[in-house]
Structure formats: structure tokens, C-alpha cells
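> Build me a model:
(3 chains)
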Amino acid sequence: MKKYKALFHVDEKEKIMLVLKNMANLLNDLGEDEVEVALVGNSEGIALMYQSSEYKEKVEALYKKGISFAACANTMKEKKLNKEDLLEFAYIVPSGVGEIVKKQAQGYFYIRP
Amino acid sequence: MKKYKALFHVDEKEKIMLVLKNMANLLNDLGEDEVEVALVGNSEGIALMYQSSEYKEKVEALYKKGISFAACANTMKEKKLNKEDLLEFAYIVPSGVGEIVKKQAQGYFYIRP
Amino acid sequence: MKKYKALFHVDEKEKIMLVLKNMANLLNDLGEDEVEVALVGNSEGIALMYQSSEYKEKVEALYKKGISFAACANTMKEKKLNKEDLLEFAYIVPSGVGEIVKKQAQGYFYIRP
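Numbers count the residues shown, from 1 in each chain, chains lettered A, B, ... in the order given. Reported below is the predicted structural model:
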């Protein structure tokens, strides 16, 4: 079992690049075998998981290193997004904030860049 | 006893509408009987609790669903606000950040939209 | 041993003044003997620890009250900053987000103004 669990929350478009950098830095610092990393994107932060976006390559690289990506269904409904609009490995959660609560209940430490 | 406790923190005016939506979504997702929700407003976020504001109806509806609303006394002093300027059910805490610490010590999970 | 531990995270220049005020308010509210306070600065938030800055006096006063200040080495590298560019009591951590995770694992409650 990994030593740490960390949960990143992004709900601003302006923070997407920073969050991606933060997640890569966290894996480098603590070690991929020592930290389980998850991301929750809601509101404008959901753009991090768009199928067509400038972030795609970076996000895929992080996914391959074991980071999970959760998209808020409420945001998807509001923005009229389909599952196909998001990267195929993004998983949809009923609400971003609900996922944040559940993940913290599982021992994830919250980080909000 | 409810299964989860969640604490929202707002200190930016631009985030007030999002926080209100987040809180309603959280109750819908986890269920009102399963999650205890509290909000702390300080700095510009205190406007969420203004007696005269565009948010009033939404905030009252959330209060009726059991969400509590704490206002930072330091912010009130700085902005020369009286108790009467805030919604009657808002409760005043010595400092917003102190309340955030105490609530986390009581098992609330922090969410900062 | 102190009753509470609190960790402030700053990564926006616009939030530096608020964070400094928040930290002073927290000490006043909970009492210096009751709360251990730490700050992690990364991205644009690292400016809080600049040797030459408008915040210097305020930061030094908080340091004297026992608050610790951690600067992100990744940010320093990116901004070509040397140890000498920062206040002498700032300590450098491999990554700001790694420090945030470690501190929470030590029981610090996270606050993101």
C-alpha cells in the first residue's frame, strides 16, 4: 500500500496548467510508489479532461503514471458535455464535491491549487 | 449521526454563486441525511451572508436544509458590518480561519471552491 | 503540545496580503500557545518570502511568533531564484505540494485562502 494519498481539486480554467505541473512534481518528489494521486475537476476545471484540448498529452502522461481523473456530472449537464467529449479514461462522478468528500473520507489529503 | 461532514470556505466574491451551487449539489448527491454541511465566509466571501443581496433566497433555502453559516468577526470589523447587516441565522465567529481549524478538528472535510 | 496545527497554502500573488492577515488572526483567535502554524508558498505565492518585498516586516513578525515558512524548490528553479533571494528563515522543500501532503499527514489542517 502506498504511504500517502493526495487529492487535487480544480474548478478554474486558469489553474489547469499549474495543477498539471503540481501533480507531476508531487510524483517526482514523493515517488510514484509512495503516493496515490487523484484529481477532481468541476465547473471550469473540467476543461482539463476535454478530449480536444491543449492539455491532452500532459494529462495522458499523468494517467499512465497512475493518476485518476474524475469529472463532475453536474458540470457536464450544465455545459451539455457528453462522455465522448472527455478523455476516455476520465470517470464521471455524480458531483465533484461529493467525490471530494468521499475521497477525504478514504484518507486522501486535499490540495487546492 | 450523519456519515459525512463537509466544510465550505469562501473568501472571494466571484466564488459565491459556485459555492451555493456546490452546496446544493453535495446535499443532492450524498443525501441530506448523510452529510452535515457548514460554510465559513471571510474577506470578500462574507457577502454571501448579506441581508440585502442577490443570494438571499438561495442561502435561506440551504439554511432550511440544515446548512450552517459562519461569518468572520475580523472581516465584519474591517468592513464596519453589524450583526443586522447579515442574515439573521448567520452566526459570528471570532475568526473565519479559527473556525475552519476547529471544524476540521471535529471531522469536517475542507472544500475550497 | 499545542492543541491544533494549521497549514496555509499560497500560490497566488493576489492572496499574499490576505494570507498574512489570516495567519495573524488565527494566532490571535486560538492563541499562540494553542496552534502551530505553517505556510507553504509555491508558484506566484513564493513572493511572500522574497528578501526584498513589501511583506517583509509582516512576515518577520509572524516568524517571530513561531510560524514556519516553506518555499518550493521547483518554483525557485523555474523563477531562477537563489536561497539568498528569500528571507533567511524560509526553508526550501523539494516541492510545495509534497510538503502540503507531508504536513497533513502530521495532523495539520489545510487552509487555502
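> Report the beta-bridge partners for the residue nearest to the spatial centre of chain A.
By CA atoms, centre = their mean, chain A has its centre lying nearest to A:L39, at 2.3 Å. In this entry, A:L39 is beta-bridged to A:F8, A:F69, by DSSP bridges.
> Break down chain A into its helices, ranges please.
Ranges of helices in chain A, per DSSP state H, are A:16-30, A:56-64, A:73-78, A:96-105.
> So which of the ones you listed is nearest chain B?
helix A:96-105 (3.6 Å; CB to the nearest CB). From N, CA and C alone the C-beta is placed, and that goes for glycine too.
> Who are the packing partners of that closest one?
Under the contact criterion of 3 or more CB pairs under 8 Å, 6 or more residues apart in numbering or on different chains; DSSP states H and E, helix A:96-105 touches strand A:4-10, strand A:35-41, strand A:68-72, strand B:4-10, helix B:16-30, strand B:109-111.
> Could you show which parts of chain A are in contact with chain B?
Residues of chain A lying close to chain B (CB under 8 Å from any CB of the partner chain) are A:9, A:11, A:42-43, A:72, A:74, A:94-98, A:100-102, A:104-105, A:110, A:112.
> rewinding a little: is it possible to export the helices of chain A to CSV including distance to B:V59 and mean neighbour count?
Shown next, in CSV, are those (distance: least, CB to CB, whole Å; neighbours: other CB atoms under 10 Å in any protein chain shown):
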stretch, distance to B:V59, mean neighbour count
helix A:16-30, 30, 21
helix A:56-64, 36, 15
helix A:73-78, 19, 17
helix A:96-105, 17, 24
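> Make CSV out of these and add mean pLDDT.
Listed next are the helices of chain A as CSV, based on pLDDT from 0 to 100:
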stretch, mean pLDDT
helix A:16-30, 98
helix A:56-64, 98
helix A:73-78, 98
helix A:96-105, 98
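> Can you give me the buried ones in stretch A:5-16?
A:5-12, A:15-16 (16 or more other CB atoms under 10 Å in any protein chain shown).
> Quick check: end-to-end length of it?
Chord length of stretch A:5-16, first to last residue, is 20 Å (CA to CA, to the nearest Å).
> Reformat the helices and strands packed on helix A:96-105 as a markdown table; add distance to C:Y55.
Converted to a markdown table, those look like this (distance: least, CB to CB, whole Å):
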| stretch | distance to C:Y55 |
| --- | --- |
| strand A:4-10 | 27 |
| strand A:35-41 | 31 |
| strand A:68-72 | 36 |
| strand B:4-10 | 22 |
| helix B:16-30 | 27 |
| strand B:109-111 | 25 |
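> rewinding a little: and the furthest pair within the buried residues of stretch A:5-16?
A:K5 and A:E12 (23.1 Å; CB to CB).
> Look up the pLDDT of the closest residue to A:D33 other than its chain neighbours for me, please.
With CB to CB, 6 or more residues apart in numbering or on different chains as the criterion, A:D33 has its nearest non-adjacent residue at 6.7 Å, and that residue is A:K2. pLDDT recorded at A:K2 is 91.
> how close does A:K2 get to A:L48?
23 Å (CB to CB, to the nearest Å).
> cool, and A:Y110?
Where A:L48 is concerned, A:Y110 sits at a distance of 17 Å (CB to CB).
> Which one of these two is surrounded by more residues?
Each of A:Y110 and A:L48 has its neighbours counted (other CB atoms under 10 Å in any protein chain shown); A:L48 has more, 26 against 22.
> Isn't the more buried one up against A:E54?
No. With contact defined as CB atoms under 8 Å, A:L48 does not reach A:E54; the gap is 10.4 Å.
> Whatever residue of chain A ends up closest to chain C: what's it in contact with?
Sorted by distance to chain C under CB to the nearest CB, the residues of chain A start with A:D29, at 3.6 Å. Applying CB atoms under 8 Å, 6 or more residues apart in numbering or on different chains to A:D29 gives the contacts C:94-95, C:97-98.
> try it again with 10 Å
The contact partners of A:D29, by CB atoms under 10 Å, 6 or more residues apart in numbering or on different chains, come to A:35, C:72-74, C:93-99, C:101-102.
> tell me the two of the residues you listed that are most distant?
A:V35 and C:A73 (17.2 Å).
> From A:N42, how far off is A:D11?
5 Å.
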